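Participant: What would the 3D arrangement of this be:
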Amino acid sequence: MYEKRRKDVLDWRNCYIAMFHSGKAPVRSADERYPFSVNRNFYYLTGLDLEDCILMIIRDMNGGCRCELFADQTDDVAAKWNGGTLDRSQIASISGISSIFPMKDWAPRFHRYINNIPSNYSTNVGLDLQKFCIDDHSTDTSRIAAYIREQYPHLSVINVFPALAKSRMIKSDKELEFMKSAQISVRKAIEELLAYARPGMNECELEGMFSFALAKQKVRETAFPTIVAGGKRGTILHYQENCQPVYDGELVLIDLGSTCCHYCSDISRTFPINGIFTSRQRELYEIVLQAQKLVIQSAAPGKTLKELDDIVVQFYEKALPEAGLLHDGKTVRDYYYHGVSHPLGLDTHDICLPEYETLCEGMVITVEPGLYVEEEGIGIRIEDDLLITAQGAVNLSEHILKTPDEIEAFMKSRK
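Facilitator: Here you go, the predicted model:
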């Protein structure tokens, strides 16, 4: 699987060489660093969870490719402090790469290959030059690009990120296995959270129960920082504090996810802290649930994320006035201020589609309509993860408690 992906990289933009850096944890303070999280494109091409190393892919004379990995091995002293890294045989077993060199060798070996480019080969060097925000810090890859442009001005540095992104959109059977495992662990953790929840608890207690429930399943990595928002705080889309008490009669909006081999689940649920929806809470919840059902029924190859979002807006335009909303000049976007879907995979907000690009068989997307009525202290979001197939959408999250009756029955059965 990894060998085919690496060969495809060279073909996407007719590159002679392509290089990918695994990333390095930034300094947090003094001698502490933030936890390392591997560059997902590097991982996609190697399966390796290694810090500060370089993958080099070189086109060979037969039109195929050879791969070299540049990674420093942990010495005996460092291993006593921080543990060892993968040895050469383990790296080869996981990635299929047997040519492994120290990091210091990448520049001399790159120079050697560049000086021996066959006359009929392109001089394109492929790099992953993704830049999400204009003010993002420079990366190790961007510094490699600057080095190549200065030392080898005759070469063309090509950004292979768009082509790599397109490849990542379609999930293999193995990737789907990982994503389904993440669904199972998050379902179990949500049920433990709901069984534990009681009025007066702090949001951080509920977050802690979710993390503990994952840890019991040997899952240490959440897909993203967990959101636990009680009452009015549920109207804040990316609420992060998770430090306020949740009082009797309030709803709790949870947005959380598990991972398996870095592949993510992304689930949102909303529940009453006391286990019983009020009539108003249930009324609004049912509106969001119906909107989600309409989107799931419509999600299929050929649809766009914009078209899916329009389904929610059009439904809300009819349903919200019946619920006493959309008066005094307010519109749907005053109560629903985000899109209904985003791609999901190795990243929670995975390689993003342009707004009007069509869905294809094998993609995984979220479906997460919400309704946020700040003046009533009610925030509701219901989110599931869908696999797009030729026959339509398959809900990977269908076994996670969702309807008001299911939630109330489960919370009533708590000991």
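Participant: Now stretch 202-217: buried residues?
Facilitator: Judged by neighbour count using 16 or more other Cβ atoms under 10 Å, the buried positions of stretch 202-217 are 203, 205-211, 213-214. All C-beta spots, glycine's among them, are computed from the backbone N, C-alpha and C.
Participant: just stretch 124-144 next, same as before
Facilitator: In terms of neighbour count (16+ other Cβ under 10 Å), stretch 124-144 has its buried residues at 124-130, 139, 141-142, 144.
Participant: And for stretch 184-199?
Facilitator: Of the residues in stretch 184-199, those buried by neighbour count under the rule 16+ other Cβ under 10 Å are 184-190, 192-194, 196-197.
Participant: Which of those fall in helices?
Facilitator: Using DSSP state H, the members of the buried residues of stretch 184-199 that fall in helices are 184-190, 192-194, 196.
Participant: What is the nearest of the residues you listed to Lys303?
Facilitator: Val186 (25.7 Å; Cβ to Cβ).
Participant: separation between the closest residue to that closest one other than its chain neighbours and Phe271?
Facilitator: Distance criterion Cβ to Cβ, 6 or more residues apart in numbering; nearest residue to Val186, sequence neighbours excluded, is Ser258 at 4.0 Å. Using Cβ to Cβ, to the nearest Å, Ser258 is found at 18 Å from Phe271.
Participant: Tell me which of those two has more neighbours.
Facilitator: Residue environment comparison for Ser258 versus Phe271 gives the larger neighbour count to Ser258, 27 against 24, counting by other Cβ atoms under 10 Å.
Participant: Find me the pLDDT at the more buried one, would you?
Facilitator: Looking at Ser258, its pLDDT stands at 98.
Participant: Could you list which residues are in contact with it?
Facilitator: In this structure, Ser258 makes contact with 182-183, 185-186, 189, 214, 219, 222-223, 264-265, judged by Cβ atoms under 8 Å, 6 or more residues apart in numbering.
Participant: Leu129 now?
Facilitator: Taking Cβ under 8 Å, 6+ apart as the criterion, Leu129 is in contact with 141-142, 145, 157, 159, 161.
Participant: With pLDDT added, can I get these in JSON lines?
Facilitator: Formatted as JSON lines, the contacts of Leu129 follow (pLDDT from 0 to 100):
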{"residue": "Thr141", "pLDDT": "94"}
{"residue": "Ser142", "pLDDT": "93"}
{"residue": "Ala145", "pLDDT": "96"}
{"residue": "Val157", "pLDDT": "96"}
{"residue": "Asn159", "pLDDT": "93"}
{"residue": "Phe161", "pLDDT": "90"}
